[in-house]
Each structure stands twice: as structure tokens, then as C-alpha cells.
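**Student:** whatever this is, show me its structure:
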Amino acid sequence: MNAVRFNWIMRDFKTNQVLNTASSVSVLMNKLTRRLSKIPEEVRRELESYLVNSRIIIEDDHKKIPKLDDTTADYICTGLRPQWSDIDVNFHVNNAKYISWILEGIPESILMNYELSSMSLKFKRECKIDSKLQSLAEVCSDNNNSNNNVEYNHMVRFENGVEILRGRTKWRSKLTHNFDIFNHVPEASIKDL
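**Tutor:** Here you go, the predicted model:
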């Protein structure tokens, strides 16, 4: 009664191969009291024809994402601020902006040599245009493990330390020197430029 889950499956148009999946849960909040509200019956009836009673397509790993601070974070990126282009119709930062702030806390060597394979975000509070933020990242596993994957815990917080979001990202090695997937060999690599 209080939430609606959305599942997305992105497929290749020609092959129907699943490229990516995502799930999210949306809730309704009373703007005045700042409390969760039940979805009104008339809204529920209006949405009913679009809703399908299906299972969640991404199973949550139920692994707790720890709260980070200055002593537990391996990387801290400061001086982050929302721009007007980051603001939604409710004058809050759009959820997609948090992903770029999380990426600010990832070392360049990971961004260059790994690709993001999964992400889990848990929003704690809203962020508005006048906020000053920090992005914290903690290495949970590194490329010394057997499957060569890297995992990070994240937190985006206000400068005063109040938490906005917790997250976890998982990264896998990029397919380097495997150009057969594109059926071509590049004329030059990034290293040559």
C-alpha cells in the first residue's frame, strides 16, 4: 500500500539479449509532514492497468552497507555542489546525480581499468540546490582477489557530516585487447594518443 516497485529489463533490439536490469522502489511522501503516505486508492486504480504483479528481478544481497566517516573512508572528495541542471521538479537533486558524485570518489585507475557491473543505492535524505557535499569511498575488496573484481562502499553526505546516501558498487575488469566482440581492431589505443 505504501510503495510501488519498478523493474526494467534492457534488451538488444535485434538479438533480444538482456543487456542490463534494474529495480527500484518508489514511495509517496507527505510534503508537509515529511512522512510516508499510503498511495490513495484513486491513484492506485489509475496505475493498476500499468502494474504487473511480478517478482523483483534483482535480488538484494542484504549485505549491510556500513556508514563511512573520515577514519573508515579510503577516499574523500570534497567541495561537491548541486547545479540547477541537477534539480528535479520538487527542487531536490535528481537521483541520477548521486551516481556521478559516487564516481568522483573512485580512483582513476579503477575508472580506467574496470567497468561498473552493479550498484545498490539507499537514499536517506533529500539534497537541495544550496547543499555542500562530500563523497566518501571505502575499498571492500581489491584486484588481489581471485575473480579480479573490486567492490566499494560509498556515502554521500553534507559537509556537516549528515548522511544523504549509502551505496555499494561492484567493478569487473574491462575486456582489454579483446576487440573481437566488435569485429575490428582499433587503429590506435588510448595509450598512443
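**Student:** use CA for all of it now, contacts and neighbours both
**Tutor:** Will do.
**Student:** what sits up against the helix or strand M119 falls within?
**Tutor:** Secondary-structure element containing M119, defined by DSSP states H and E: strand 114-123. The contact list for strand 114-123 (Cα atoms under 8 Å, 6 or more residues apart in numbering) reads 164-174.
**Student:** which of these count as buried?
**Tutor:** 164-173 (16 or more other Cα atoms under 10 Å).
**Student:** which of those sits closest to G79?
**Tutor:** G79 lies nearest to I164 out of the buried ones among the contacts of strand 114-123, by Cα to Cα, at 15.2 Å.
**Student:** residues contacting the closest one?
**Tutor:** Residues counted as contacts of I164 (Cα under 8 Å, 6+ apart) are 123-127, 155-158.
**Student:** list only buried entries from the residues you listed.
**Tutor:** Buried among the contacts of I164 by 16+ other Cα under 10 Å: 127, 155-158.
**Student:** mind checking which of the residues you listed are in strands?
**Tutor:** In strands, defined here by DSSP state E, the members of those are 155-158.
**Student:** and the strand holding M119, which residues are buried?
**Tutor:** Residues of strand 114-123 classed as buried: 114-116, 120-121 (neighbour count, 16+ other Cα under 10 Å).
**Student:** ok so, going back, in CSV: the ones in strands among the buried ones among the contacts of I164, plus pLDDT and distance to P107.
**Tutor:** Below are those laid out as CSV (pLDDT from 0 to 100; distance: Cα to Cα, whole Å):
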residue, pLDDT, distance to P107
M155, 95, 15
V156, 95, 16
R157, 95, 19
F158, 95, 21
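**Student:** what ranges do the helices span in the chain?
**Tutor:** Applying DSSP state H to the chain gives helices spanning 41-48, 95-104, 108-113.
**Student:** nearest to L19, out of those?
**Tutor:** Distance to L19, taken as Cα to Cα, is lowest for helix 95-104 among the helices of the chain, at 19.4 Å.
**Student:** list the helices and strands that closest one packs on?
**Tutor:** On a contact count with 3 or more Cα pairs under 8 Å, 6 or more residues apart in numbering; DSSP states H and E, helix 95-104 meets strand 133-141, strand 150-158.
**Student:** before we move on, the earlier item: out of the buried ones among the contacts of I164, which comes closest to L47?
**Tutor:** Distances from L47 to the buried ones among the contacts of I164, taken as Cα to Cα, are shortest for C127 (28.0 Å).
**Student:** for that closest one, what are its contacts?
**Tutor:** Applying Cα under 8 Å, 6+ apart, the residues contacting C127 are 92-93, 164.
**Student:** N53 versus that one, what's the distance?
**Tutor:** Distance, C127 to N53, by Cα to Cα, to the nearest Å: 32 Å.
**Student:** W8 too?
**Tutor:** Taking Cα to Cα as the measure, W8 falls 14 Å from N53.
**Student:** what do you get for W101?
**Tutor:** Using Cα to Cα, one obtains 34 Å as the distance from W101 to N53.
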